[in-house]
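Student: Need a 3D model of the sequence below.
(chains A and B)
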There are 2 protein chains.
Amino acid sequence: MSDDPCLREEIHLLLDLRAVRDYAPDPVPQAALDDIYQVARWTGSAENRQPWDLIVVRDRAMLDRLGAFPGYADHLGTAPIGIVLVMDGSNEEYAAHDEGRLCERIMLAAAAHGLGSCIGWWNGEGREQARALLGAPPGSIVGAILPIGYPATGHRPMHEELLSGRKEPARKPIADFIRLERYDGERAADGG
Amino acid sequence: MSDDPCLREEIHLLLDLRAVRDYAPDPVPQAALDDIYQVARWTGSAENRQPWDLIVVRDRAMLDRLGAFPGYADHLGTAPIGIVLVMDGSNEEYAAHDEGRLCERIMLAAAAHGLGSCIGWWNGEGREQARALLGAPPGSIVGAILPIGYPATGHRPMHEELLSGRKEPARKPIADFIRLERYDGERAADGG
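Tutor: Okay, the predicted model is just below:
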């Protein structure tokens, strides 16, 4: 066993991240943003290409316009900040994979500060509209925005709700998707 | 400021994750695997589709064969375990994005336990060969494997090496990629 006194807190940070779609109007402290920026900076990417720019949007009118573009970004709602991911479009598959890694890391850094998020998506014309409005280069992929804010209402981490029996599991049991040695192999034991 | 006594450790977990490609032969403790499985289980995905199966491979001969397929997986080398991501192939872009999120979460859960990893890739024929060898369904995407093991040699977190002046920065400065309000807007201050 590890003797790291923060091990359980670290694992719970990873376990407890879940979508927060309603935000309090309180501003995001600069200290939290500084951590988010550094964590974004150190996020790994295929071939260490770091194929991204981030646009940090606070302007309310801009956030409202971005939230209305086709896709699933209307939960930008009252978020005090939205962080737009501008991905290099020269390799779409790498871009989508690295975009997922960067989203995850930013949301976790925010969560460490008690801030919530939920990936907002643009699709179809929404991507081009967001790209044009933000002035991102033609050919770049502007598909995701991360609203960041304190949760509007207190929420309990999902696994605590599960343990308390208040919620149905929102995830597949471990034995359903973790397989040993081969796809048709034995399933991992479902401890929780 | 947060009064969470583990906040800095959590942020450093996120800052310090970096590729480990050489593994000690020591086995991965079951307690660490259990945390990895739970963290994988709770990883978010587009529309909560959880479009993945994981195959946990310990068999040395199997790992050696997987490491030799076309791509960048030869660092499977001496890793005691490789976790293969089998992604639902019905939406390739979602699959790549969710694959990135899941990789990140698994690597962070491993890192909380002091275990290293580095995403291994198959490309072209390598994906089909890995899929067939593991018996994953036709149409699924078998593109990534996460070797997990204790680092073979002590390593210092990258940001400590930077602070100590022993290494060139391996990442772009914040002011190079974090922009305020618009793509051509002011740049975020580079605190570190």
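Student: Can you list the buried residues in stretch A:99-116?
Tutor: Neighbour-count burial for stretch A:99-116 flags A:99-113, A:115-116 (criterion: 16 or more other C-beta atoms under 10 Å in any protein chain shown). No exception for glycine: its C-beta is placed from N, CA and C like everyone else's.
Student: just these that are near chain B?
Tutor: Contacts with chain B are made by A:E99, A:G100, A:R101, A:L102, A:C103, A:E104, A:R105, A:L108, A:A109, A:A112, A:H113 out of those, judged by C-beta under 8 Å from any C-beta of the partner chain.
Student: for A:L133, phi and psi?
Tutor: Per-residue torsions, A:L133: phi -60, psi -40 (degrees, to the nearest 10).
Student: Revised request: answer the last question for A:A46.
Tutor: Note on A:A46: its backbone torsions stand at phi -60, psi 130 [degrees, to the nearest 10].
Student: likewise the one 3 residues further on?
Tutor: Phi and psi for A:R49, reported as degrees, to the nearest 10, are phi -80, psi -20.
Student: separation between it and chain B?
Tutor: According to C-beta to the nearest C-beta, to the nearest Å, A:R49 and chain B sit 10 Å apart.
Student: Packing partners of the longest strand belonging to chain A?
Tutor: For chain A, the longest strand by residue count, based on DSSP state E, is strand A:141-149. Counting by 3 or more C-beta pairs under 8 Å, 6 or more residues apart in numbering or on different chains; DSSP states H and E, the packing neighbours recorded for strand A:141-149 are strand A:81-87, helix A:92-112, strand A:116-117, strand A:120-122, helix A:125-134.
Student: From the contact counts, what lies against the fourth one?
Tutor: It refers to strand A:120-122. Applying 3+ C-beta pairs under 8 Å, 6+ apart, we find strand A:120-122 packed against strand A:71-72, strand A:141-149.
Student: Neighbouring strands - and their directions - for the last one?
Tutor: By that I understand strand A:141-149. Take DSSP bridges as the rule and strand A:141-149 pairs in its sheet with strand A:81-87 (antiparallel), strand A:116-117 (antiparallel), strand A:120-122 (antiparallel).
Student: Could you report the pLDDT at the residue of chain A found nearest chain B?
Tutor: Nearest to chain B in chain A, going by C-beta to the nearest C-beta, is A:G100, at a distance of 2.8 Å. Per-residue confidence (pLDDT) for A:G100: 98.
Student: Same question for A:R166.
Tutor: 56.
Student: With A:I178 instead?
Tutor: 93.
Student: Same check on A:P157?
Tutor: pLDDT at A:P157 comes out at 54.
Student: ok, back up a step: next, the angle from the longest strand of chain A to helix B:92-112.
Tutor: Angle between the axes of strand A:141-149 and helix B:92-112 is 50 degrees (criterion: axes from the mean of the first three to the mean of the last three C-alpha atoms, to 10 degrees).
Student: Could you check how far strand A:141-149 is from the centre of its chain?
Tutor: Per C-alpha atoms, centre = their mean, to the nearest Å, the displacement of strand A:141-149 from the mean C-alpha position of its chain is 8 Å.
Student: do the same with stretch A:60-75
Tutor: The gap between where stretch A:60-75 is centred and where its chain is centred comes out at 17 Å by C-alpha atoms, centre = their mean.
Student: what's the span of that stretch, first residue to last?
Tutor: End-to-end distance of stretch A:60-75 (C-alpha to C-alpha, to the nearest Å): 13 Å.
Student: How about it and chain B, any contact?
Tutor: Yes: residues of stretch A:60-75 contacting chain B under C-beta under 8 Å from any C-beta: A:M62.
Student: List the buried residues of that stretch.
Tutor: Residues A:M62, A:L63, A:R65, A:L66, A:G67, A:F69, A:G71, A:A73, A:H75 are the ones in stretch A:60-75 that count as buried (16+ other C-beta under 10 Å).
Student: List of residues touching it?
Tutor: Contact with stretch A:60-75 is made by A:21-22, A:57, A:76-77, A:79, A:82, A:84, A:118, A:120-127, A:129-130, A:133-134, A:145, A:147, B:181, as judged by C-beta atoms under 8 Å, 6 or more residues apart in numbering or on different chains.
Student: mean confidence for that stretch?
Tutor: 96.
Student: ok, now stretch A:123-141?
Tutor: Per-residue pLDDT over stretch A:123-141 has a mean of 96.
Student: then that stretch to CSV, C-alphas only?
Tutor: Output of stretch A:123-141 as CSV, limited to C-alpha atoms (Å, rounded to 0.1, in the frame of the first residue of the first chain):
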residue,chain,number,x,y,z
ASN,A,123,-21.4,20.2,-34.5
GLY,A,124,-22.0,20.8,-38.2
GLU,A,125,-22.3,24.5,-38.9
GLY,A,126,-21.8,25.3,-35.2
ARG,A,127,-18.1,24.6,-35.5
GLU,A,128,-17.6,26.9,-38.4
GLN,A,129,-19.7,29.6,-36.7
ALA,A,130,-17.7,29.4,-33.5
ARG,A,131,-14.5,29.4,-35.4
ALA,A,132,-15.4,32.5,-37.4
LEU,A,133,-16.8,34.4,-34.4
LEU,A,134,-13.6,33.8,-32.4
GLY,A,135,-11.4,34.5,-35.3
ALA,A,136,-9.6,31.1,-35.2
PRO,A,137,-7.7,30.1,-38.3
PRO,A,138,-9.5,28.4,-41.2
GLY,A,139,-8.9,24.7,-41.0
SER,A,140,-8.6,24.7,-37.2
ILE,A,141,-11.2,22.5,-35.4
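Student: Quick check: buried residues in it?
Tutor: Applying a neighbour-count criterion of 16+ other C-beta under 10 Å, one finds A:G126, A:R127, A:Q129, A:A130, A:R131, A:L133, A:L134, A:A136, A:S140, A:I141 buried in stretch A:123-141.
Student: cool, and stretch A:23-36?
Tutor: If you call a residue buried by 16+ other C-beta under 10 Å, then stretch A:23-36 has these buried ones: A:Y23, A:V28, A:A32, A:L33, A:D34, A:D35, A:I36.
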